[in-house]
Each structure stands twice: as structure tokens, then as C-alpha cells.
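Asks: This is the structure alone, sequence omitted:
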Ligand code: DUC
Ligand code: ZN
Ligand code: ZN
């Protein structure tokens, strides 16, 4: 009888802290041995010349989230996780949006029903708290955190989602007591409203105005306020999708004061600019997301945050809408003003190849830092470590084998999400994950899908230690 179901040999194994050549022995979905030369497996993969990394974890994706009337997100759990898998991810963390007044257990039940049997990767959920009533904060949320739903997002923007400072404080207080992890979307809604009205009065309604009405100051102020609220509530927080140097510096200063702030940035802030929203006709709508892409100087500031450790997480904020579609970016209402264009861009499949190509292969960051930014820190932050996010004995055998010699041009036609465009169309990329292993099963085999829908499972999370 074989000792292993699968051996991966001759590859360069990289974790957040180490790099070594070794064989990995996998049995019953777990990594059971790491050694110089292993023998006795049903299948052996020769990974010579390739990197053997923990499967990617994208902790910021939106899938099947209900939108306003007539608008539909492009991806469901099938297409969203399939696209994630082809981009080297083995776990994604989508958001479950609480409708106003909806009990959180009902919210979760609805998303579990959407995910069950449909996922190609493992999933774990974040909650979006939209209605922090006394009963939600007093009973429902603490019970759910204890049940393994340990992360939640609150918004400082979007008219129908934003929480007041008082509501955020009360939510943070629950997080302090329960060990929940709070992610905060930092943009000042009142300032945005003021600017939107001004631009519309001047007849400036094109997609580019989306960026002008959400300037850096709007994000910097809200980031500072979120950090201040966390300081008052005495709890760590995650500042998501940081787009610029000024917001990044708020995180740096907070850490210098001893606060535990986790920072996240995304590919769009390294590679896109507000000028992309200026496309012909309404093409700029393809790049409408919040916070918006900035300029080349701010791209560089975000790179600095990646290099110097201010950012702990590199996520996609995958939030896909179709472009040429009345239910997407070109909705009848969306064509009347930038303020009605659905916010969000696809990117779960291209997240890691972009950072690998533009960050690792250019020498800006090490392979170890790449692993930390794209897998390990996500597992640590959201209670999935060490089962996920590393290559170690006892961990889930979730592995992506990267070929640094592959050269590709990003074409949406080659991607697997259900949108109809990529904001990164035409970008030249070196390096791509060619083989992906989920729970010990080869699910992408040299670029060919061998995994099955439903193979990905829900994974509950462990709350922060309090
Ligand atoms: N901004 C968000 O906050 N969420 C989804 C997409 C976006 O652009
Ligand atoms: Zn957000
Ligand atoms: Zn988001």
C-alpha cells in the first residue's frame, strides 16, 4: 500500500518564512510529510523549475451579493470560485450582506444555500453589518462569532450601508468582547455626497467624475476616523482596500502609537489610474470602483506599503459586473450619471499573477513576502491558520504550483469569471499557477480543470484571542 496519495517533488517550496527544495507527501487531504526524497504514492508530480506555494487565499471577494433594482452581480459561487481557482486560489472569503432588519442567521442561511454544492474552492464568510440593532449586537453577533463566523465588515460610505460613528463604536465593542475581526471601508459619505451634488449641478456626470468625487482626502479622513474609533474601542481593525499614500500613512502612524491595525491593498491601486475612467463613450464605467484608482504617484505609494510591510493583505476586491449589459455597468440609470454606475471590478483570477509578475519577478518583493501577502496573512487575520495559508505538516493540502516561465497577456476571453471584460486587458504577465491542489486533489492539472463543482467546502474560522 502507498504511504501517500500524492507526492510533489523537486519543486522550490516557499512559505511566508522559508524557501527550500523538498518533496511533499499528501494523504487524506493533508500534508503529512515534508522530506528530501519521499516514495510510495498513487501519483507523483514533478515540480522541477516551479514554485510550490500555499494555495492563494483571497479574503475580499463579492459574489452573488444583491444589488439595487435591475442590477446583478456577474458571478455566482460557481463562476466566482472557478475563476479564483484558475488564479491559484484555494480559499476565498466572500461577504454575506445583511438586509436591513434581517436576522444574521437568515443572512448566513441564504449565502450558505447559494454556496453549497457550487464551489470550486473552499470558502469562509464575512458578514456585512447593515443594521446593528441592540439585539444583533447583544445576542446574535456574539453567538455567531462563537460559532465560527469571526469577521465582519462595516461601511462608512454608501447611503444605504453606512453606519454612524456611534454604530461603528458599538460594533467594535462587540468585537473587543468576542474576538471578532472588523474590516472597515473608509470613505466619508457626507463629503462624497457634497462633491457628487456639485459635479452633477455642473453637468459633469461621466464615469471620470466617480474618481473626482471620491478624492484621497475623503479616504484619508475616514481612515483616520476609523482608526480613532478603534483606538477608543480598544480593538484591532482591518482597513480594507487602501488606495493611496496618505491613508497608508494613517496606518503607519497608528502603529507607531501601538495600535493593531491591519492594512489591505489591491491590484487596481498598483496598476490602474483615474484616467482609466475617462474611456471613450461610457467605457470608463469598467473601472468604477471604490475607492477609485488614483494616479501613478499613488500607485508608487501603494507599492511602498507593500514593500515596507504597511500592507499585510493583498486582495482583489473582486466585485464583478458585466459591462455591456443592462444589469451591469451600462444599466439605463447608470448611463444617466456616474453616481448610479454599479461599483466594483472583477479581478479574483488576476490578483496573484499581477503581484507575482510586477512584484516578485521585478525584484520588488521576495517570494516569501508574496506568500505572506496573498495567503498566509489572510489565514492568520481571519482565523483559518495554520490549517490554511501555509505548507506544514498537518495543514490542508491546498497548494498552487507556479511556473515562472509562463508568459501571458491578460485577455478576458481566457479568464473564467462571468463578467465580459477585465480591467487588466492587455497586461503582459510573467508567471502563472499551472497546477492547483485542493485538499489533496489535483483540481487544475497543467492548466486543465480536473476539479468538480461542489468540491470546495465551507470552512469556519477561529475568533481572535482575547
Ligand atoms: N467597493 C466596495 O466597497 N465594495 C465592492 C466594490 C467596490 O468598488
Ligand atoms: Zn469596501
Ligand atoms: Zn469590497
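Replies: That came in fine, so what should we check first? What you see is a predicted model, and the numbers here were worked out from it, not measured in a lab. Ligands and ions are numbered 1, 2, ... in the order given.
Asks: Residues of this protein that sit close to ligand 1?
Replies: Within the chain, the positions near ligand 1 by CB under 6 Å from any ligand atom are 62, 185, 289-290, 317, 319, 343-344. Placement of C-beta: from N, CA and C, glycine included.
Asks: And residue 297, how far from residue 216?
Replies: For residue 297, the distance to residue 216 (CB to CB, to the nearest Å) stands at 10 Å.
Asks: between those two, who's got more neighbours?
Replies: Regarding residue 297 and residue 216, a neighbour count based on other CB atoms under 10 Å identifies residue 216 as having more, with 18 against 10.
Asks: quick one: contacts for that one?
Replies: If you count contacts by CB atoms under 8 Å, 6 or more residues apart in numbering, residue 216 has them with 243-244, 246-247, 294, 298.
Asks: Residue 416 too?
Replies: Under the criterion of CB under 8 Å, 6+ apart, the contact list for residue 416 reads 79, 82-83, 85-86, 349.
Asks: Go through those and say which is closest to residue 398.
Replies: residue 85 (10.8 Å; CB to CB).
Asks: Leaving out chain neighbours, which residue sits closest to the closest one?
Replies: residue 120 (4.6 Å; CB to CB, 6 or more residues apart in numbering).
Asks: I'd assumed the one you found was in a strand, is it?
Replies: No - Residue 120 sits outside any strand when classified using DSSP: H, G, I helix; E, B strand; the rest coil, being coil.
Asks: give me every residue that touches it.
Replies: Listed by CB under 8 Å, 6+ apart, the contact partners of residue 120 are 78, 81-82, 84-85, 438, 443, 451-453, 455-456.
Asks: Residue 254 now?
Replies: With contact set as CB under 8 Å, 6+ apart, residue 254 has these partners: 227, 231, 261.
Asks: For the first one, report the pLDDT, please.
Replies: Going back to what we said before, that points to residue 227. According to the model's per-residue confidence, residue 227 sits at a pLDDT of 99.
Asks: Is it correct that it falls within a helix?
Replies: Yes - applying three-state DSSP, one finds residue 227 inside a helix.
Asks: these two touch, right, it and residue 250?
Replies: Yes - with the criterion set as CB atoms under 8 Å, residue 227 and residue 250 qualify as a contacting pair; they are 5.9 Å apart.
Asks: Mutual contacts of the two, please.
Replies: Taking CB under 8 Å, 6+ apart as the contact rule, the neighbours common to residue 227 and residue 250 are residue 239.
Asks: Please name the nearest non-neighbouring residue to the residue of the stretch 101-250 of the chain at minimum distance from ligand 1.
Replies: Ranking the residues of the stretch 101-250 of the chain by distance to ligand 1 (CB to the nearest ligand atom) places residue 185 first, at 4.9 Å. The shortest distance from residue 185 to any residue other than its chain neighbours is 4.5 Å, reached at residue 155 (CB to CB, 6+ apart).
Asks: Contact partners for that neighbour?
Replies: Going by CB under 8 Å, 6+ apart, residue 155 touches 128, 161-163, 184-185.
Asks: what do you get for residue 172?
Replies: With CB under 8 Å, 6+ apart, residue 172 has these contacts: 182, 229-230, 233, 235, 237.
Asks: Doesn't it lie inside a strand?
Replies: No - secondary structure assignment places residue 172 outside any strand; it is helix (three-state DSSP).
Asks: Sort out for me which of the residues of the chain next to ligand 1 are in strands.
Replies: Counted as lying in strands by DSSP state E, out of the residues of the chain next to ligand 1, are residue 185.
Asks: Show me the helices in the protein, by range?
Replies: Counting by DSSP state H, one finds helices in the chain at the ranges 77-86, 104-115, 134-135, 141-146, 165-178, 189-201, 208-212, 216-233, 245-256, 268-271, 296-308, 351-355, 367-371, 377-381.
Asks: Next, the buried residues of stretch 458-466.
Replies: Along stretch 458-466, these residues count as buried under the neighbour rule (16 or more other CB atoms under 10 Å): 459, 461, 463-464.
Asks: Widest-spaced pair of those residues?
Replies: Across these, the two members that end up farthest from each other (CB to CB) are 459 and 464, 16.5 Å apart.
Asks: what about the closest residue to residue 213 other than its chain neighbours, distance to residue 62?
Replies: Taking CB to CB, 6+ apart as the measure, residue 213 lies nearest to residue 195, with 3.9 Å between them; neighbours along the chain are not counted. Distance, residue 195 to residue 62, using CB to CB: 24 Å.
Asks: which one of these two has more residues nearby?
Replies: A count of neighbours by other CB under 10 Å puts residue 62 above the other of residue 195 and residue 62, at 22 against 17.
Asks: So which residues make contact with stretch 448-457?
Replies: The set of residues that contact stretch 448-457 without belonging to it, under CB under 8 Å, 6+ apart, is 78, 81-82, 85-86, 117-123, 436, 438-439, 441-444.
Asks: PyMOL command for the buried members of the residues you listed?
Replies: Taking 16+ other CB under 10 Å as the burial criterion, the selection of buried members of these in PyMOL is written as:
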select buried, resi 78+81+82+85+86+118+119+120+121+122+123+436+438+439+441+442+443+444
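Asks: my guess is the residue of the stretch 101-250 of the chain closest to ligand 1 meets residue 157, correct?
Replies: Yes - the pair formed by residue 185 and residue 157 meets the contact definition of CB under 8 Å, at 6.3 Å.
Asks: Can you work out which residues contact both of the two?
Replies: Taking CB under 8 Å, 6+ apart as the criterion, residue 185 and residue 157 both touch residue 290.
Asks: Count the residues that sit near residue 429.
Replies: Under the neighbour criterion other CB under 10 Å, residue 429 is assigned a count of 18.
Asks: Is the residue nearest to residue 213 in contact with residue 212, as I believe?
Replies: Yes - with contact defined as CB under 8 Å, residue 195 and residue 212 form a contacting pair (7.1 Å).
Asks: Residue 362 and residue 34: what is the separation?
Replies: Residue 362 sits 30 Å away from residue 34 when distances are taken as CB to CB.
Asks: who's more crowded, these two?
Replies: More neighbours sit around residue 34 than around the other of residue 362 and residue 34, counting by other CB under 10 Å; the figures are 16 against 11.
Asks: Burial check on the closest residue to residue 18 other than its chain neighbours, number of neighbours?
Replies: Of all residues beyond its chain neighbours, the one nearest residue 18 is residue 368 (7.2 Å), with distances taken as CB to CB, 6+ apart. By the measure other CB under 10 Å, the count of residues near residue 368 is 16.
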